[in-house]
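Novice: Predicted model follows, preceded by the sequence.
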Amino acid sequence: MSRQSGRRPRARKARGASAVGRRFEAEVGSVAHGGHFVARVPAGADGEERVVFVRHALPGERVVLEVTDGTDGDRFWRADAVEVLTPSPDRVTAPCPYAGPGLCGGCDFQHVDLAAQRRLKADVVREQLRRVARLDVEVVVEAVPGDEAGLHWRTRQRYVPLPDGRRGMRKHRSHEVVEVDECLLEAPAGPSYDVEGRAFEVADGGFWQVHPGAPSALVGAVLEALRPQPGESVLDLYAGVGLFSRFLLEAVGPEGRGAAVEGDPAASALSATNCPGLLARPGDVAEVLAGGLPGAWDTADLVVLDPPRAGAKRAVVEQVVARSPRAVAYVACDPGALARDVAIFAEHGYRLASLRAFDLFPMTHHVECVALLEQQPA
């Protein structure tokens, strides 16, 4: 399952005078991966332009942008749109008073109509697959039941504690904190660990999808893609507590078999509890696969890959294709990592047969995809 990274950007060595605080008037171009939009501003007397990644904007708008990160020696800058001169038809008033330049950094798209948010996310997925994997794929980002017009879906929420019981949220790419009364993404209730009538045990603080509709949507997409048959063998990688393993084992039946690999030992142990008959192995996925699983468990007709944001990467992909599965379902929370790994699969004769995308993180730039990779005939 996808894991959100909590790492802060590393400090960079300054390469020239700081550009922070400079303002420019610019026309906004296309959406870019990461929740911002591309603009270009004059960089010097020679007429050369510099790329600026702008938050709080929309394609086609004319804005006043203020640089928030960058120096004269950088190839690109980051900025906020602090004034909108020509608004897009897709612009709306942000429902949250803490969304906007210099405020809470948790949401990228509160100023964007919800349907337009999904079109922007589809554009990013499509562009990453075109640029990195050289594929032209039609992408539609699907709404998922469980939120309220894009709000009240985070079943796990973290605030920064402040004195006197107050709380806050961090600014974008910063340790600075904005005091808030509430986050409008927070769900009224915590997570449910029941999925399609099956109960799962999850450790306190253990990973589970935060959108209430996510587990059912992802399980349905994986089963639809893989079409598991009785008697087949399945391999669930980055398996968490066994969400996909549970349903795949039911589908392949008593004549089939399933193995799961998960880096978190506690989650791996729970996957065995949640999925009777599952062979659960804790450890680094690439290392476990390279070492081999016992006997017949080391083969797989079907594979599920649900890596963290960095993706599976070459070592894992090559271990997967070495087992010659007929189909692989790749669950991805980062379109760039997905595109890179799809390209690696293509090197080994696996084609992208289908792709579904889900809006599991409304008001943010994040999007979840389920890609089906199938072995091409020799």
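Specialist: Sure thing, it's come through.
Novice: these two touch, right, Ala149 and Leu114?
Specialist: Yes: Ala149 is in contact with Leu114 according to C-beta atoms under 8 Å; the separation is 6.4 Å. Using the backbone N, CA and C atoms, a C-beta is placed for each residue, glycine as well.
Novice: Give the residue from these two that has the larger number of neighbours.
Specialist: Taking neighbours as other C-beta atoms under 10 Å, Ala149 and Leu114 compare with Leu114 leading, 17 against 9.
Novice: ok, and the closest non-adjacent residue to that one?
Specialist: Gly150 (4.9 Å; C-beta to C-beta, 6 or more residues apart in numbering).
Novice: and what of Phe345?
Specialist: Closest residue in space to Phe345, ignoring its immediate chain neighbours: Leu373 at 5.0 Å, by C-beta to C-beta, 6+ apart.
Novice: would you list every one of the helices in the chain?
Specialist: Under the criterion DSSP state H, helices of the chain are mapped to 114-133, 214-226, 243-252, 265-274, 285-291, 313-322, 335-347.
Novice: I'd like to know which of the ones you listed is closest to Thr155.
Specialist: helix 214-226 (9.4 Å; C-beta to C-beta).
Novice: Got the phi and psi for the residue nearest to His152 when sequence neighbours are not counted?
Specialist: Spatial nearest neighbour of His152, excluding adjacent residues (C-beta to C-beta, 6+ apart): Ala187 at 5.3 Å. Phi and psi for Ala187, reported as degrees, to the nearest 10, are phi -80, psi 150.
Novice: can you pull the contacts of Ala187?
Specialist: His152, Trp153, Arg154, Thr155, Gln157, Pro212 (C-beta atoms under 8 Å, 6 or more residues apart in numbering).
Novice: Redo those as a markdown table? Include neighbour count.
Specialist: A markdown table is the format used below for the contacts of Ala187 (neighbours: other C-beta atoms under 10 Å):
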| residue | neighbour count |
| --- | --- |
| His152 | 18 |
| Trp153 | 23 |
| Arg154 | 21 |
| Thr155 | 19 |
| Gln157 | 14 |
| Pro212 | 21 |
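Novice: how many other residues sit next to the closest residue to Asp72 other than its chain neighbours?
Specialist: Nearest in space to Asp72, with sequence neighbours left out and distances taken as C-beta to C-beta, 6+ apart, is Gly16 at 3.4 Å. For Gly16, the neighbour count with other C-beta under 10 Å is 10.
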